[in-house]
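Undergrad: Generate coordinates for the sequence data below:
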Amino acid sequence: MPTTRSVLPEPPGRPGPPGSVLPEETAPVPPALADDDVPQQLIDRYGRTVRDLRLSITDRCNLRCTYCMPAQGLQWLPTPDLLTTAELTRLGRIAVERLGVERIRLTGGEPLLRRDLEEIIGSLSALRTSTGVKPDIALTTNGLGLERRAAGLRAAGLDRVNVSIDSLDPQDYAAITRRDRLADVLTGIAGAQEAGLAPIKVNAVAVPTTVEHRAPRLLAECLRRGWQLRFIEHMPLGPRETWSSQDVVGVDQILEVLREAGFTLTEVGRPDRRPAALWRVAAGSASGQDYPAGTVGVIASVTAPFCSDCDRTRITADGRLMTCLFSSTETDLRGPMRAGADDDELIRIWARATWGKPRAHGSDSPQTESDGFARPQRTMSAIGG
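TA: Okay, here's the model as predicted:
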């Protein structure tokens, strides 16, 4: 059974009672600023500085992955509630040009369902950081239809894509996603490679019933195709009945499965503070086919959390700020924007919310509930990855 451990010291200032989660109205406030002072960075009580913005542009998805949402789907946001291209660009501009953000990842839902995706990326790619460089712009996608748009997305300024593929077996993939679309996804990735989007990263959620036969095959094929595979520990971000801490396939089990299948792994670590810890994979052979050397990653959010150096912030498709993936509170940015707030006021709202960012997994308590996680109000597709 995986364990969740405390990953940060007690915060300075005014912590809540032991074991409590501070509600929004009593969350610690940042040091007082003069009326004309505007923060130039997003920093929380634990000294973590935001460098990475996860910007969700839709909650809609054309797959129905079992660990993400029910078979009938969810009640989607009405179109008028979604951030417009101009609003997304404005928040991106504030983040990059005034608050020190260096990377933007567009997420969903399925972001390819936005017809204006190329326009959004084009606007964001025109931004420049304080050092005068374009922000790194990435896209998390299921790959459906990517081959038709990859060249245009690349031309607009997209740098790379992460594609979700949990299995390379068509029947297995169809059972997971409730859609028989694996061939279309592989076509989409081929289009991304042809367009020059690199590196191609593949995200795969590890589940206990199939990890022993699925993980080795997936890694070998990703190495052959030049993709970088990232296994993700299953987190409690879908329907409640789909997750149990006892069923989490942790990083140690994933590595054991791969080594028993014959892969030679050498630990690299997390040199760039990205979510995935990396291992070098030596060239070898599996199922009678050779594969080249490469890397494999594991995003061990459950068994080896990396909250202590988290540099991410999230904005949902309807303009709600979530400072942690597991935040139980949200801060509205769309409302003030549409009410006429200037950039300085939006920055103050953003900075105030960031200062109250939870210690880990949505809580200021070392343990939350029985499994170490607070539960956000939304599922993953409605938050944005």
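Undergrad: which residue ranges form the strands in the stretch 101-250 of the chain?
TA: All strands of the stretch 101-250 of the chain, identified by DSSP state E, counting those that start in this stretch, fall at 103-107, 136-141, 160-164, 200-206, 228-233.
Undergrad: Next, format the ones you listed as a markdown table and append mean neighbour count, distance to R64 and mean pLDDT.
TA: C-beta: built from backbone N, CA, C; applies to glycine. As requested, those are arranged in a markdown table below (neighbours: other Cβ atoms under 10 Å; distance: least, Cβ to Cβ, whole Å; pLDDT from 0 to 100):
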| stretch | mean neighbour count | distance to R64 | mean pLDDT |
| --- | --- | --- | --- |
| strand 103-107 | 23 | 17 | 97 |
| strand 136-141 | 22 | 16 | 97 |
| strand 160-164 | 21 | 13 | 97 |
| strand 200-206 | 22 | 14 | 94 |
| strand 228-233 | 23 | 18 | 93 |
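Undergrad: of all these, which lies closest to T331?
TA: Between T331 and the strands of the stretch 101-250 of the chain, the shortest separation by Cβ to Cβ is 18.1 Å, and it involves strand 103-107.
Undergrad: The closest one pairs with which strands?
TA: On the basis of DSSP bridges, the sheet neighbours of strand 103-107 come out as strand 52-56 (parallel), strand 136-141 (parallel).
Undergrad: Columns distance to L113 on top of these, output as a markdown table?
TA: As requested, the strands paired with strand 103-107 are arranged in a markdown table below (distance: least, Cβ to Cβ, whole Å):
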| stretch | distance to L113 |
| --- | --- |
| strand 52-56 | 12 |
| strand 136-141 | 10 |
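Undergrad: Among those strands, which comes closest to R274?
TA: Nearest to R274, of those and by Cβ to Cβ, is strand 52-56 at 8.5 Å.
Undergrad: Which SSE is immediately downstream of that closest one?
TA: Read in the C-terminal direction, the helix or strand following strand 52-56 is helix 85-93, with elements assigned using DSSP states H and E.
Undergrad: tell me what that following helix is packed against?
TA: In this structure, helix 85-93 makes packing contacts with strand 52-56, helix 117-125, helix 334-338, judged by 3 or more Cβ pairs under 8 Å, 6 or more residues apart in numbering; DSSP states H and E.
Undergrad: same thing but 7 Å
TA: On a contact count with 3 or more Cβ pairs under 7 Å, 6 or more residues apart in numbering; DSSP states H and E, helix 85-93 meets helix 117-125.
Undergrad: contacts for the helix it packs on?
TA: By Cβ atoms under 7 Å, 6 or more residues apart in numbering, the surrounding residues in contact with helix 117-125 are 57, 85, 88-89, 92, 104, 111, 114, 134-135, 137, 152-153, 156-158.
Undergrad: avg pLDDT for it?
TA: The pLDDT scores in helix 117-125 average 98.
Undergrad: Let me know the angle separating that helix from strand 136-141.
TA: 150 degrees (axes from the mean of the first three to the mean of the last three Cα atoms, to 10 degrees).
Undergrad: tell me the phi and psi of R280?
TA: With angles defined as degrees, to the nearest 10, R280 shows backbone torsions of phi -80, psi 140.
Undergrad: Roughly how far does the nearest residue to it once chain neighbours are set aside sit from T303?
TA: Leaving aside its chain neighbours, R280 sits nearest to T266 (4.4 Å; criterion: Cβ to Cβ, 6 or more residues apart in numbering). When Cβ to Cβ, to the nearest Å is applied, the distance between T266 and T303 equals 20 Å.
Undergrad: Could you pick out the buried ones from the contacts of helix 117-125?
TA: Buried residues within the contacts of helix 117-125, counting neighbours by 16 or more other Cβ atoms under 10 Å: 57, 85, 88-89, 92, 104, 111, 114, 135, 137, 153, 156-158.
Undergrad: Farthest pair within those?
TA: Across these, the two lying at the largest distance from each other (Cβ to Cβ) are R114 and P135, at 18.8 Å.
Undergrad: C-alpha coordinates for stretch 203-219, CSV please?
TA: Listed in CSV are the C-alpha atoms of stretch 203-219, where the atom choice follows Å, rounded to 0.1, in the frame of the first residue of the first chain:
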residue,chain,number,x,y,z
ASN,A,203,1.6,9.7,-20.7
ALA,A,204,0.3,6.3,-19.4
VAL,A,205,-1.6,5.8,-16.2
ALA,A,206,-0.4,2.7,-14.4
VAL,A,207,-3.1,0.4,-13.1
PRO,A,208,-2.6,-2.8,-11.1
THR,A,209,-4.5,-5.3,-13.3
THR,A,210,-2.5,-4.8,-16.4
VAL,A,211,0.9,-3.2,-15.5
GLU,A,212,2.9,-6.4,-15.8
HIS,A,213,2.1,-7.0,-19.4
ARG,A,214,1.3,-3.5,-20.5
ALA,A,215,4.2,-1.5,-19.2
PRO,A,216,7.1,-3.4,-20.8
ARG,A,217,5.5,-3.5,-24.2
LEU,A,218,4.6,0.2,-24.1
LEU,A,219,8.2,1.1,-23.1
